[in-house]
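**Q** Sequence first, then the predicted structure:
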Amino acid sequence: MSDTEPQTADGKVLWHFTMSLDGFVAGPNHDMHWMTGISARPGLVDEYVETTGAVLGGRDAWDATGDNRLYGGAWNGPIFVLTHHPEDATPADRVTFLNCGPAEAVRIGLEAAGGKNLEVLSPTIGRQLLELGLIDEIDLHIAPVLLGEGIRLYDNPGHEPIRLHRLGEGDPTLVVNVRYRPATTAKLPTEKVSNSER
């Protein structure tokens with residue numbers, strides 16, 4: 001499987017996450033320590049620093065992390081946090097708390113992005129925007145980790161599946177194949193086998 005083409009600043013609404021192989025974008029309580037030791041291809045962070053004009057996130061993640069230093073502090077544009085109660089949010093530089101519908105948040109975010117991409121960094125908001133037809137592209141980096149629990153990228157029980165088209169060459173509906181091997185494997189105990197058991 002080849003990597004995708006580099007991201008471009010096309011003024012699109014980009015739902016962007018690094019995701020575990022089992023579909024989680026954060027651990028329990030939005031913990032991100034699971035990403036320690038995971039590497040990306042050279043230049044990938046710079047690509048997003050250059051193409052991102054604004055970020056839209058959710059209140060739960062903001063309350064859990066309070067981090068406005070995206071991409072290791074290399075990106076410093078406007079961040080919008082969608083919340084039903086902005087009055088009790090902890091303020092921070094470059095962060096605006098919005099109390100509006102997701103479509104209005106996208107309009108505000110795209111305007112602030114100035115022709116670059118609006119990055120959506122919230123599973124809940126991303127799901128809502130997907131249902132509204134406002135996601136232009138989903139950009140995932142699948143990490144070689146199985147978390148087992150946490151915050152899923154897409155959690156929408158009881159609804160019809162959302163069909164996607166893969167970008168790039170070839171059939172857009174083709175399954176993407178990935179193959180991994182556990183980094184550590186348990187060794188079976190070695191037991192002496194008696195002659196009578198052979």
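**A** Arrived safely. Numbers count the residues shown, from 1 in each chain.
**Q** In terms of secondary structure, what does the worst-scoring helix or strand of the chain on mean pLDDT contact?
**A** Least confident helix or strand, the chain: helix 59-65 with a mean of 89, by mean pLDDT, DSSP states H and E. With contacts taken as 3 or more C-beta pairs under 8 Å, 6 or more residues apart in numbering; DSSP states H and E, helix 59-65 sits against strand 79-82. Bear in mind the C-beta positions are built from the backbone N, C-alpha and C, glycine included.
**Q** Past the strand it packs on, which element shows up next along the chain?
**A** strand 95-98 (DSSP states H and E).
**Q** Can I get the following helix or strand past that next one as CSV, trimmed to CA atoms?
**A** Using DSSP H and E, the helix or strand that directly follows strand 95-98 along the chain is helix 102-113. Provided in CSV are the C-alpha atoms of helix 102-113 (Å, rounded to 0.1, in the frame of the first residue of the first chain):
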residue,chain,number,x,y,z
PRO,A,102,-21.7,22.5,13.7
ALA,A,103,-22.5,24.0,10.3
GLU,A,104,-22.0,27.5,11.7
ALA,A,105,-18.8,26.5,13.4
VAL,A,106,-17.5,25.2,10.0
ARG,A,107,-18.4,28.5,8.3
ILE,A,108,-16.6,30.5,11.1
GLY,A,109,-13.6,28.1,10.9
LEU,A,110,-13.3,28.2,7.1
GLU,A,111,-13.4,32.0,7.1
ALA,A,112,-10.6,32.1,9.7
ALA,A,113,-8.6,29.6,7.8
